[in-house]
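Trainee: when you get a sec, could you give me coordinates for this:
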Amino acid sequence: MTRFRAVRLALAALLLVAAPERLRANMIEITSLPDYGVDGFLDGVVTGADPATHHVATYIQIEGSGWWSKPTTSAPTSPINPDGTFNVDVATGGIDNRATIYCTALLPTGLNPPLATGASRIPAALNPDALDCNERYGRTIEFAGRTWAVKESPLPVGPGGNRFSDHADDVFVDAQGRLHLGVRFRDGFWRSSEVILLDRLGHGTYSFQTADGSGLAELDPNIVFGTFTWDPYGDDDAQPAWPHREIDFEDSRWGNAADPMNAQMVVQPYHVPGNLRRYTIPDGALTRWFDWGPDQIEFAALEGLHAPGTLPAGSVIDHFTYENDPGVSHIVPTPGRAAVHLNLWLNGAQPLDGQPAEVIISDFTFIPEPATSHMLLALPLVIRRRRARKNGA
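Mentor: Coordinates of the predicted model:
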């Protein structure tokens, strides 16, 4: 079954200043999307605007590939029918039918939309009368009491130029409720795995536990295990060099088998001094947590399984606090629409030992920070959810 989630931008907060009368009168709504993995058309409806003097510009986001103008860059707009309805061909090449986010903007016909060709965001120069966005996913799983989408791509995408598998042997939850992620050679190619939490959680404490037997201390040097936040809308203007609100735990030797350090805590962009901290994890069960607030992010890596936000004596592998300090380019991101991702992937090459790998995540926990007016002002949209028609999956 395809999961379909509509994301309605809070236009009053984001766009009213630019064109107050226009935005109060005009509305656009995406009414249907093709099923995941199937070519087809986006359907929608416009109200309050004259179809003869307006058209729509559509953008799709493909996980690991970025944002793209649709139907094509040479024809980036679609007409509106006299009754206000419109349809857009959103699968005109490549892996368009694996897109997970669709946004459609209402524009006067005299305005040509800025183009997106694998961009990190919808172009900032877009100044629509109205905008609607929808998210839809393919296979989903239930883990740690939450719903996660399984990333899938038959062609190489980021990170690392990987093909991502949604095969039930590569991504599954076992009888003990633990999530398994695999890197395996399947159907002629090495394939990685990733899941994406469908909830947007915001400020609070994020805790990730991995089970004994995952072999993270001796992970193949070309394999990376990541637990991180990522905002696919890419609109963090406070950090234009890396606008995705990415906070990471990553386990890897990054191709260097001799590196004694095999893990890192990161606030992206990693190349800024002080944004990346390397450390060494041992074999066995592990707990990693970070506490994300408006002005700092506190990281901890612990040996064994422990409660989120704790620092048990004798169990602390590493502990690090990242402070917001624009003077040295240390920027604590706002939550935006960042979602949690868990992945196991190849860093540009097959495993050195030529063997498959599997990591077992035993639990994920989130403890929210108490809501404040500061946090509420940072939220850029209202989310409503609904399910798409079934496709037999």
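
Trainee: so which elements touch the longest strand anywhere in the chain?
Mentor: The longest strand of the chain (DSSP state E) is strand 357-368. Contact analysis of strand 357-368 by 3 or more Cβ pairs under 8 Å, 6 or more residues apart in numbering; DSSP states H and E lists strand 179-186, strand 204-210, strand 223-230, strand 339-346 as its packing neighbours. Yep, even glycine has a C-beta here, placed from its N, CA and C like the rest.

Trainee: quick one: mean pLDDT for the shortest one?
Mentor: On average, the pLDDT along strand 204-210 is 98.

Trainee: now do it: distance to the chain's middle.
Mentor: 17 Å (Cα atoms, centre = their mean, to the nearest Å).

Trainee: now the angle from that strand to strand 179-186?
Mentor: 60 degrees (axes from the mean of the first three to the mean of the last three Cα atoms, to 10 degrees).

Trainee: so where is the stretch 201-350 of the chain shaky, pLDDT-wise?
Mentor: Judged against pLDDT under 70, the stretch 201-350 of the chain has no low-scoring part.

Trainee: quick one: the strands in it?
Mentor: Ranges of strands within the stretch 201-350 of the chain are 204-210, 223-230, 247-251, 263-267, 276-279, 286-292, 296-303, 316-323, 339-346, based on DSSP state E, counting those that start in this stretch.

Trainee: which of these sits closest to P51?
Mentor: Among those, the nearest to P51 by Cβ to Cβ is strand 339-346 (35.4 Å).

Trainee: what strands flank that closest one, and is each parallel or antiparallel?
Mentor: strand 189-197 (antiparallel), strand 223-230 (antiparallel) (DSSP bridges).

Trainee: what is the mean pLDDT for the longest one?
Mentor: Confidence for strand 189-197, expressed as mean pLDDT, is 98.

Trainee: just the CA atoms of stretch 230-249, as PDB, please.
Mentor: These are the backbone C-alpha positions of stretch 230-249, laid out as PDB (Å, rounded to 0.1, in the frame of the first residue of the first chain):
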ATOM      1  CA  TRP A 230      17.400  15.000   7.500                       C
ATOM      2  CA  ASP A 231      15.000  17.700   6.200                       C
ATOM      3  CA  PRO A 232      14.300  16.900   2.500                       C
ATOM      4  CA  TYR A 233      12.900  20.400   2.000                       C
ATOM      5  CA  GLY A 234      16.400  21.700   2.300                       C
ATOM      6  CA  ASP A 235      15.300  25.200   3.400                       C
ATOM      7  CA  ASP A 236      17.500  26.000   6.400                       C
ATOM      8  CA  ASP A 237      18.600  29.500   5.400                       C
ATOM      9  CA  ALA A 238      20.800  29.700   8.500                       C
ATOM     10  CA  GLN A 239      23.100  27.100   7.100                       C
ATOM     11  CA  PRO A 240      23.000  27.500   3.300                       C
ATOM     12  CA  ALA A 241      26.100  25.300   2.800                       C
ATOM     13  CA  TRP A 242      24.100  22.300   4.300                       C
ATOM     14  CA  PRO A 243      20.400  23.200   4.600                       C
ATOM     15  CA  HIS A 244      19.000  19.800   5.600                       C
ATOM     16  CA  ARG A 245      19.200  20.100   9.400                       C
ATOM     17  CA  GLU A 246      21.400  17.000   9.500                       C
ATOM     18  CA  ILE A 247      22.600  15.700  12.900                       C
ATOM     19  CA  ASP A 248      24.400  12.400  12.800                       C
ATOM     20  CA  PHE A 249      25.800   9.400  14.500                       C
END
